[in-house]
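K.L.:
can you look at this prediction? I've put the sequence above it.
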Amino acid sequence: MAEPSVAAANLPGAPPRGAASSTQAPASIPAHAFPLLIGLGLATGMEFYTFDSVNLVLPDLTGTLAVSGDEASWILTAYSSSLFLGVPISIWLAGHVGYKRFLIATILLFAAASMGCALSPDLSAMLVWRAVQGFAGAGLVVWWRASIYLLMPKPQRSPSLMRVSTILYLSSASGLLASGAITDHANWRLIFLPNLVFAAGAIWLVLRYFPSAHPQTSERLMATDWPGIVLIGVALITLQIILNRGEIDDWLGSSNIRMLAWTSASAFILFIAWQTSWHNRTPLLRLDLLRDRNVVASALIGIFTGMILSGSLYMLPEFLRNVATNSLSATQTGQVMAVYALSAAAVRPLMVGVIARLGQRKTILLALMLLVASMLLISHFLTSGTPASYFYLPLVLYAVCLSALLPAVGSGTVARIEQHKLLDGVSLYMTFRQFGATLGVALLTILVERRETLHSSRLFEHLRATSGRVHDWLATASSIVSARGGHSLLEGERVAAKLLAETGARQAATLAYADAFTFMALIGILTMCLVPIIPPTPATKK
């Protein structure tokens with residue numbers, strides 16, 4: 001079947017036609033834009049579906065693989081590290097092999113890695129396939145946005161981003177609802193099978209409607225910055241190991257952590273020096289763009305946005321499934337978390353008009369205020385016995401924040417970069433945002449562990465200070481246990497002591513998770529201070 005000529009000549013790398021630059025945006029919306037957007041949405045929808053699904057069923061997954069909670073964290077770390085590394089590489093790789101071929105290859109690779117995860121017999125195999133999945137996912141999360149910026153004229157970019165974003169939120173909702181039910185009624189391994197459906201639909205639509213660009217002529221995109229790739233890979237991998245092992249290995253008290261810290265810092269410094277060196281004519285990341293106010297704004301806000309999004313979505317399912325007194329099943333937790341995804345999908349179409357009326361900066365400020373309110377409400381409601389329905393309102397507020405924040409940041413920063421710098425701007429924005437996402441999960445994990453230790457010690461001191469009442473409670477509880485369970489008095493005392501210890505541990509964990517959401521609110525407040533960096537834009541008035 002012949003390829004539709006969807007502004008193919010206007011893609012970067014195409015030869016100039018007349019006086020037009022090869023980096024100009026197309027003059028009119030592509031004829032087959034709608035099915036192309038659905039294809040991009042289905043491709044990236046795999047990543048959104050899988051991300052939420054794995055977070056939701058992590059307790060079941062680790063149980064099957066017989067690994068500890070610490071070892072289980074590597075399932076998320078392997079994915080996020082590979083995704084982080086893949087973001088800057090994906091722009092170069094797509095220019096090297098061609099945009100369309102790159103998209104098809106990443107879709108196939110993500111689907112194949114999903115099947116590898118489903119069939120993994122142990123943790124080592126799971127980590128390998130999760131790393132492959134993360135690398136492929138990086139291409140998907142970068143190129144759905146980059147494709148719209150490249151293929152669509154400016155007036156059509158916001159509506160196009162809105163349509164794909166809506167598909168992505170619906171993909172998250174389907175992952176939360178379907179994977180929970182699949183895990184409870186069948187096996188968690190089957191949650192990866194829907195990715196084959198996503199991939200089949202995406203490949204068919206991308207093959208049919210994505211324009212075939214001419215061979216890339218940019219020396220920078222065609223050449224390979226191997227030193228840059230190696231340096232950023234070493235820096236990111238060692239940093240991830242530090243963040244995940246630091247709390248366990250006593251941070252800089254460990255010689256291994258000190259060595260990794262020096263390695264990571266040295267690699268980062270060398271990477272920055274190499275990327276900005278005049279000797280490097282083909283840098284992996286164009287850090288010189290950070291002199292542009294739009295790029296600096298997108299990078300800084302991207303870090304905190306990534307921390308907010310990843311941290312908030314990671315903590316609540318963990319609490320509902322592992323800490324709450326009446327722990328929810330995967331199905332029940334998925335239904336609770338789906339409130340945010342469905343609400344975001346419903347609200348997202350309205351945000352194009354809201355951003356146009358308020359302007360980007362006011363919209364971002366309003367979204368961050370909603371985020372702070374959402375995180376503080378969750379922190380306030382969070383007790384070991386809180387009904388799940390109490391979290392609906394903060395999740396809806398979070399959804400409104402999410403559906404307004406991301407497009408406002410994009411349209412207020414990255415979208416305003418010159419056309420021939422768009423790909424590099426998108427790469428920088430997504431790299432810093434993914435750095436924030438990785439950093440957010442790691443920091444929150446460390447925060448929860450430390451605060452849990454602190455609250456445990458305080459609870460122990462309180463119990464010791466009120467030892468008389470504690471002794472009376474233990475005597476009463478042991479008598480009840482002995483009478484109802486047919487245990488001896490000694491066994492009843494042991495059961496009562498164990499019950500008290502479990503209750504104290506759950507209470508300490510609950511307080512620690514509440515502190516984590518308060519921390520997320522503080523991150524939101526800090527991000528508000530960065531809003532003035534964004535160049536002002538006039539709001540559209542009726």
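P.N.:
Happy to help now that I have it.

K.L.:
local confidence estimate at the residue lying closest to residue 72 once chain neighbours are set aside?
P.N.:
Sequence neighbours aside, residue 62 is the residue nearest to residue 72 in space, at 3.9 Å (criterion: C-beta to C-beta, 6 or more residues apart in numbering). Placement of C-beta: from N, CA and C, glycine included. With respect to pLDDT, residue 62 has a value of 81.

K.L.:
again with the one 3 residues further on
P.N.:
Reported pLDDT at residue 65 in the predicted model: 86.

K.L.:
in contact with the residue nearest to residue 72, which residues?
P.N.:
Applying C-beta atoms under 8 Å, 6 or more residues apart in numbering to residue 62 gives the contacts 68-69, 71-72, 75.

K.L.:
what about the residues you listed, which are in strands?
P.N.:
Residues of the contacts of residue 62 located in strands (DSSP state E): none.

K.L.:
one step back: the residue nearest to residue 72 and residue 122, how far apart?
P.N.:
Look at residue 62 and residue 122: by C-beta to C-beta, to the nearest Å, they are 12 Å apart.

K.L.:
and if you look at residue 399?
P.N.:
Residue 399 sits 37 Å away from residue 122, going by C-beta to C-beta.

K.L.:
longest helix in this structure, please.
P.N.:
If you go by DSSP state H, the chain has its longest helix at helix 422-465.

K.L.:
helices along the stretch 51-200 of the chain, start to end?
P.N.:
Ranges of helices in the stretch 51-200 of the chain, per DSSP state H, counting those that start in this stretch, are 69-97, 99-119, 123-151, 154-185, 194-209.

K.L.:
quick one: buried residues of the helix or strand where residue 39 lies?
P.N.:
Assigned by DSSP states H and E, residue 39 belongs to helix 33-65. Buried residues in helix 33-65, counted by 16 or more other C-beta atoms under 10 Å: 33, 36-62, 65.

K.L.:
in this protein, which helix or strand is least confident?
P.N.:
helix 219-222 (a mean of 60; mean pLDDT, DSSP states H and E).

K.L.:
the helix or strand just after that helix - what's its average pLDDT?
P.N.:
Under the assignment DSSP H and E, the closest C-terminal helix or strand after helix 219-222 is helix 226-245. Averaged over helix 226-245, pLDDT sits at 84.

K.L.:
helix 226-245 to helix 69-97, inter-axis angle?
P.N.:
Orientation of helix 226-245 against helix 69-97 (axes from the mean of the first three to the mean of the last three C-alpha atoms, to 10 degrees) gives an angle of 160 degrees.

K.L.:
burial of residue 359, as a residue count?
P.N.:
Look at residue 359: counted by other C-beta atoms under 10 Å, it has 20 neighbours.

K.L.:
in terms of pLDDT, where does it sit?
P.N.:
88.

K.L.:
that one and residue 535 touch, don't they?
P.N.:
No. The criterion here is C-beta atoms under 8 Å, and residue 359 misses it with residue 535 at 10.8 Å.

K.L.:
between residue 399 and residue 122, which is the more surrounded one?
P.N.:
Each of residue 399 and residue 122 has its neighbours counted (other C-beta under 10 Å); residue 399 has more, 23 against 10.

K.L.:
ok, the more buried one touching residue 347?
P.N.:
Yes. With contact defined as C-beta under 8 Å, residue 399 and residue 347 form a contacting pair (6.2 Å).

K.L.:
for stretch 75-82, the averaged confidence score.
P.N.:
Here stretch 75-82 scores 83 as its mean pLDDT.

K.L.:
now tell me what touches that stretch from outside.
P.N.:
54-55, 58, 61-62, 123, 126-128, 130-135, 137-138, 236-237, 240, 244, 310, 314, 434, 437-438, 441.

K.L.:
filter those down to the buried ones.
P.N.:
Buried, going by 16+ other C-beta under 10 Å: 54-55, 58, 61-62, 123, 126-127, 130-135, 137-138, 236-237, 240, 244, 310, 314, 434, 437-438, 441, out of those.

K.L.:
which SS state does residue 535 fall under?
P.N.:
coil (DSSP: H, G, I helix; E, B strand; the rest coil).

K.L.:
quick one, grab the pLDDT at the nearest residue to it once chain neighbours are set aside.
P.N.:
In space, and not counting its chain neighbours, residue 535 is closest to residue 293: 5.5 Å by C-beta to C-beta, 6+ apart. On pLDDT, residue 293 comes in at 83.

K.L.:
tally of neighbours for residue 293?
P.N.:
Neighbour number of residue 293 under other C-beta under 10 Å is 13.

K.L.:
residue 533 is in contact with that one, correct?
P.N.:
Yes. Under the criterion of C-beta under 8 Å, residue 293 makes contact with residue 533 at 7.1 Å.

K.L.:
spit out the contact partners of the nearest residue in space to residue 311 that is not next to it in sequence.
P.N.:
Distance criterion C-beta to C-beta, 6+ apart; nearest residue to residue 311, sequence neighbours excluded, is residue 440 at 3.9 Å. Listed by C-beta under 8 Å, 6+ apart, the contact set of residue 440 reads 306-311, 314, 523.

K.L.:
and these, which of them are buried?
P.N.:
Neighbour-count burial (16+ other C-beta under 10 Å) is assigned, among the contacts of residue 440, to 306-311, 314, 523.

K.L.:
give the contact list for the residue nearest the centre of the chain.
P.N.:
Taking C-alpha atoms, centre = their mean, the centroid of the chain lies closest to residue 310, which sits 4.4 Å from it. Taking C-beta under 8 Å, 6+ apart, we find residue 310 in contact with 80, 436-438, 440-441.

K.L.:
most widely separated two among these?
P.N.:
Pairwise distances across the contacts of residue 310 peak at 11.0 Å for 80 and 436 (criterion: C-beta to C-beta).

K.L.:
report the inter-axis angle for the helix or strand hosting residue 303 versus helix 422-465.
P.N.:
Residue 303 is part of helix 293-322 when elements are defined by DSSP H and E. In terms of direction (the same axes, to 10 degrees), helix 293-322 departs from helix 422-465 by 40 degrees.

K.L.:
low-confidence ranges, the stretch 51-200 of the chain, go.
P.N.:
Along the stretch 51-200 of the chain, the model assigns pLDDT under 70 to residues 69-70.

K.L.:
so how many other residues sit close to residue 85?
P.N.:
Neighbours of residue 85 using other C-beta under 10 Å come to 23.

K.L.:
correction: residue 393
P.N.:
For residue 393, the count of nearby residues is 15 (other C-beta under 10 Å).

K.L.:
chain neighbours aside, what residue packs nearest to it?
P.N.:
residue 377 (6.6 Å).

K.L.:
doesn't residue 392 make contact with the one you found?
P.N.:
No. Proximity of residue 377 to residue 392 does not meet the contact threshold set by C-beta under 8 Å, at 10.4 Å.

K.L.:
compare the two (neighbour count), which wins?
P.N.:
Neighbours of residue 377 and residue 392, each counted by other C-beta under 10 Å, are more numerous for residue 377; the result is 19 against 14.

K.L.:
report the angle between the host helix or strand of the more buried one and helix 293-322.
P.N.:
Using DSSP H and E, residue 377 sits in helix 360-381. Angle of helix 360-381 versus helix 293-322, following the same axes, to 10 degrees, is 20 degrees.

K.L.:
quick one on the thing from earlier: and the residue nearest to the centre of the chain, how far from residue 190?
P.N.:
Taken as C-beta to C-beta, the span from residue 310 to residue 190 is 25 Å.

K.L.:
equivalent analysis for residue 160, please.
P.N.:
To residue 190, residue 160 is 33 Å away according to C-beta to C-beta.

K.L.:
out of those two, which sits in the busier spot?
P.N.:
residue 160 (24 against 14).

K.L.:
that one contacts residue 37, doesn't it?
P.N.:
Yes. Using C-beta under 8 Å, residue 160 is in contact with residue 37, at 5.8 Å.

K.L.:
quickly list what's touching both of the two.
P.N.:
residue 148.

K.L.:
secondary structure class for residue 211?
P.N.:
coil.

K.L.:
state the distance from it to residue 418.
P.N.:
Taking C-beta to C-beta, one finds residue 211 at 22 Å from residue 418.
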